[in-house]
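Trainee: Structural data only, the sequence is not supplied:
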């Protein structure tokens, strides 16, 4: 082990690190305090082990960061690909690319799952998970929706699910891809996407030939490691200062500022409320720095930010945010919350658009 790598590992060993909450059979719930993360974030931001404060990372720093996180913590083949095998009799499982981060070009194949009998007479829905690889329930929740509920809606919708957009990040429990790029800020329709993951998904969406998508639900988590690790890392990468914030204790969703669809967002919140608790606003009436539009709902300009939820331009869009570090939520509940979000959203759309079961 190089001196640099040993130094980086020693520095980070004292700080809270993202840990696996993968499939329910292997996950151990974490019960860290969201409120105690600000102090650790400030300390980490002051001396993040990669980069020089106030200077953006160059290729050397990105390589140092990758060396630090390179060792996988879990197996994409076991926790995702094996589950896709079990879906092949009921759905069309299609490969839409692979990621070029390993000597073996098939180490990180990318798959989507489609309901059978697609028809131009049915509205189309996209469900995405794992655009941030460390957000476990986004991946496992998407797979659970396919296994338990998707067939109920197949007669009424064309449904495409991309359950794990960032398998390299999934294995390493990382927000970024191997190039230290956030895939969820990379869905730019005005130029080449800066992330391989985004480019592959955008190509998949184009290949499906859908003229107008009705809905897109993108499954995410907000975790304590956002504050303790990933925000300080981003500040270091971008030559900025990390500003501590509060991690919301509970589930919330992010709508589109340009088309917020408040009744749709409320339906998702009401459905998830049956499974787990909804995040309250902070003392300033905000969630992650944004004004709360209604309980558990904030809005972002998703297209301007290049977020995954903007990739289809769908009429109904929502980004879910599960909080897996709550002492009141297990890994199973987090996965079930993602399923409830999709089901609540689809049921609302069927009622609003007069689509009858």
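Mentor: Cool, the structure landed. Everything quoted here is computed from the prediction, not taken from an experiment. Numbering: from 1, shown residues only.
Trainee: State the helix or strand in which residue 342 lies.
Mentor: Take DSSP states H and E as the rule and residue 342 turns out to sit in helix 331-352.
Trainee: Could you list every helix and strand in contact with that helix?
Mentor: For helix 331-352, the contact count by 3 or more Cβ pairs under 8 Å, 6 or more residues apart in numbering; DSSP states H and E identifies strand 124-129, helix 136-148, strand 215-221, helix 262-272, strand 316-322 as packing neighbours. The way it works is simple: take the backbone N, C-alpha and C, and place the C-beta from them, glycine included.
Trainee: how does it look with 7 Å?
Mentor: helix 136-148, strand 215-221, helix 262-272, strand 316-322 (3 or more Cβ pairs under 7 Å, 6 or more residues apart in numbering; DSSP states H and E).
Trainee: how far out from the middle of the chain is the second one?
Mentor: Averaging C-alpha coordinates over strand 215-221 and over its chain gives two centres that are 7 Å apart (Cα atoms, centre = their mean, to the nearest Å).
Trainee: Next: the first one.
Mentor: From the chain centre to the centre of helix 136-148 is a distance of 12 Å (Cα atoms, centre = their mean).
Trainee: go on, the third one?
Mentor: Between the mean C-alpha point of helix 262-272 and the mean C-alpha point of its chain there is a distance of 19 Å (Cα atoms, centre = their mean).
Trainee: and it with strand 215-221, angle?
Mentor: Using axes from the mean of the first three to the mean of the last three Cα atoms, to 10 degrees, the inter-axis angle of helix 262-272 relative to strand 215-221 is 50 degrees.
Trainee: which parts of helix 262-272 are buried?
Mentor: Buried residues in helix 262-272, defined by neighbour count with 16 or more other Cβ atoms under 10 Å: 264, 265, 266, 267, 268, 269, 271, 272.
Trainee: Throw those residues into JSON lines and include pLDDT, thanks.
Mentor: Output for those, formatted as JSON lines (pLDDT from 0 to 100):
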{"residue": "264", "pLDDT": "98"}
{"residue": "265", "pLDDT": "98"}
{"residue": "266", "pLDDT": "98"}
{"residue": "267", "pLDDT": "98"}
{"residue": "268", "pLDDT": "98"}
{"residue": "269", "pLDDT": "98"}
{"residue": "271", "pLDDT": "98"}
{"residue": "272", "pLDDT": "98"}
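Trainee: okay, the residues you listed in CSV with distance to residue 234 next?
Mentor: Below are the buried residues of helix 262-272 laid out as CSV (distance: Cβ to Cβ, whole Å):
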residue, distance to residue 234
264, 30
265, 27
266, 31
267, 32
268, 27
269, 28
271, 32
272, 28
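Trainee: mind listing the strands for this protein?
Mentor: With strands called from DSSP state E, the chain shows them at 92-98, 109-114, 124-129, 158-162, 215-221, 252-256, 286-287, 290-291, 297-300, 316-322.
Trainee: can you put those in TSV and add mean neighbour count and mean pLDDT?
Mentor: As requested, these are exported to TSV (neighbours: other Cβ atoms under 10 Å; pLDDT from 0 to 100):
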stretch	mean neighbour count	mean pLDDT
strand 92-98	16	98
strand 109-114	21	98
strand 124-129	27	98
strand 158-162	25	98
strand 215-221	27	98
strand 252-256	26	98
strand 286-287	20	96
strand 290-291	14	96
strand 297-300	22	98
strand 316-322	28	98
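Trainee: Including distance to residue 207, could these go into a markdown table?
Mentor: Shown next, in a markdown table, are the strands of the chain (distance: least, Cβ to Cβ, whole Å):
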| stretch | distance to residue 207 |
| --- | --- |
| strand 92-98 | 7 |
| strand 109-114 | 10 |
| strand 124-129 | 13 |
| strand 158-162 | 10 |
| strand 215-221 | 16 |
| strand 252-256 | 24 |
| strand 286-287 | 36 |
| strand 290-291 | 34 |
| strand 297-300 | 27 |
| strand 316-322 | 20 |
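Trainee: Residues contacting the helix holding residue 342, please?
Mentor: 21, 24, 27, 29, 127, 137-138, 140-142, 144-145, 148-149, 153, 156, 214-215, 217, 219, 251, 263-264, 267-268, 270-272, 274-276, 316, 318, 320, 322, 324, 355, 357 (Cβ atoms under 7 Å, 6 or more residues apart in numbering).
Trainee: quick one: buried residues of it?
Mentor: 331-350.
Trainee: So what angle separates the directions of it and strand 252-256?
Mentor: 40 degrees.
Trainee: what about helix 331-352, distance to the chain center?
Mentor: Counting by Cα atoms, centre = their mean, helix 331-352 is centred 16 Å from the centre of its parent chain.
Trainee: That one vs helix 136-148, what angle?
Mentor: Here helix 331-352 runs at 60 degrees with respect to helix 136-148, directions being taken by the same axes, to 10 degrees.
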